[in-house]
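K.L.:
what follows is a protein structure lacking sequence information:
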């Protein structure tokens, strides 16, 4: 993009500095380069309608040249920022994922098997929740439905409860939300990763690991509640 702006600016300068005999050639270049240069300018300044106007056979380029130089500077600044800082948008680093999730995924991810990395993270999360509840009779979506159920625990069926007064609206909302979120993760992430053979692109796989990390973080904050647990405060 900078290349076309520079060509337009150079043509504009040549026109303004040209002797009468060379002005037509320079004007032809300005007019030829304007559509591309203007399209680039509009990416930063959508309100700009033109880079020049004609009057009595002459091109008037002063304002257009100022705009073109300004936009060129903006684009170059963005390119330098991207080069040295990796862009201004936030980026997710894999080692910031929940340790349970990333430790399970790390080896497969490093070998380029992103779907397998996601699948292993799901397996590890499932096994961890089974271990916390002392259950091996149920797994995956069924386990999530029972682990985070809002109903009271039963014999052999403890629950994972979000901390706080269970009558509090926010606490109840968190419990219900985690239940739905956990079931969604295992329906929309775990099941496809186990039953599909197509590879995931890097961004999709990383987003899925981030989703699993959020579930792991919430699970870590939950307490195990059994039929012998003290009654929650009222």
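P.N.:
Arrived safely. Computed from a prediction, not measured in an experiment: that's the story for all the values here.
K.L.:
now do the helices in the chain.
P.N.:
Assigned by DSSP state H, the helices in the chain fall at 2-17, 20-44, 62-85, 99-110, 114-133, 140-147, 169-185, 191-195, 202-221.
K.L.:
tabulate those helices (TSV), appending mean pLDDT.
P.N.:
Listed next are these as TSV, based on pLDDT from 0 to 100:
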stretch	mean pLDDT
helix 2-17	87
helix 20-44	85
helix 62-85	82
helix 99-110	93
helix 114-133	96
helix 140-147	96
helix 169-185	96
helix 191-195	83
helix 202-221	94
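K.L.:
mean neighbour count added to the ones you listed, as CSV?
P.N.:
Any C-beta I mention is one placed from the backbone N, CA and C, and that applies to glycine too. Shown next, in CSV, are the helices of the chain (neighbours: other CB atoms under 10 Å):
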stretch, mean neighbour count
helix 2-17, 18
helix 20-44, 16
helix 62-85, 14
helix 99-110, 19
helix 114-133, 20
helix 140-147, 20
helix 169-185, 16
helix 191-195, 14
helix 202-221, 18
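K.L.:
reformat these as a markdown table; add distance to residue 160.
P.N.:
Shown next, in a markdown table, are the helices of the chain (distance: least, CB to CB, whole Å):
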| stretch | distance to residue 160 |
| --- | --- |
| helix 2-17 | 55 |
| helix 20-44 | 49 |
| helix 62-85 | 41 |
| helix 99-110 | 15 |
| helix 114-133 | 7 |
| helix 140-147 | 5 |
| helix 169-185 | 8 |
| helix 191-195 | 21 |
| helix 202-221 | 6 |
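K.L.:
residue 53 is nearest to which of those?
P.N.:
helix 62-85 (8.5 Å; CB to CB).
K.L.:
the helices of the chain: which one's closest to residue 56?
P.N.:
Of all the helices of the chain, it is helix 20-44 that lies closest to residue 56, at 13.1 Å by CB to CB.
K.L.:
contact partners of that closest one?
P.N.:
1, 4-5, 7-8, 11-12, 14-15, 18, 48, 50-52, 59, 61, 67-68, 71, 74-75 (CB atoms under 8 Å, 6 or more residues apart in numbering).
K.L.:
can you list the domains in the protein?
P.N.:
With domains defined by automatic domain parsing, the chain comprises 2-85, 94-225.
K.L.:
return the distance of the last one from the chain's centre.
P.N.:
By that I understand domain 94-225. Centre-to-centre, domain 94-225 and its host chain are 20 Å apart (CA atoms, centre = their mean, to the nearest Å).
K.L.:
now do the same end-to-end measure for that domain.
P.N.:
End-to-end distance of domain 94-225: 32 Å, with CA to CA, to the nearest Å as the criterion.
K.L.:
before we move on, the earlier item: for residue 158, find the nearest of the helices of the chain.
P.N.:
Residue 158 lies closest to helix 114-133 among the helices of the chain, at 5.1 Å (CB to CB).
K.L.:
so what does the closest one touch, helix or strand wise?
P.N.:
helix 99-110, helix 140-147, strand 159-161, helix 191-195, helix 202-221 (3 or more CB pairs under 8 Å, 6 or more residues apart in numbering; DSSP states H and E).
K.L.:
the same query, at a cut-off of 6 Å, please.
P.N.:
Under the contact definition 3 or more CB pairs under 6 Å, 6 or more residues apart in numbering; DSSP states H and E, helix 114-133 sits against helix 99-110, helix 140-147, helix 191-195, helix 202-221.
K.L.:
can you count the residues close to residue 113?
P.N.:
Burial measure for residue 113: 17 neighbouring residues, criterion other CB atoms under 10 Å.
K.L.:
mind listing what it touches?
P.N.:
Contact analysis of residue 113 by CB atoms under 6 Å, 6 or more residues apart in numbering lists nothing.
K.L.:
if anything else comes up later, I'll come back, but that's it for now.
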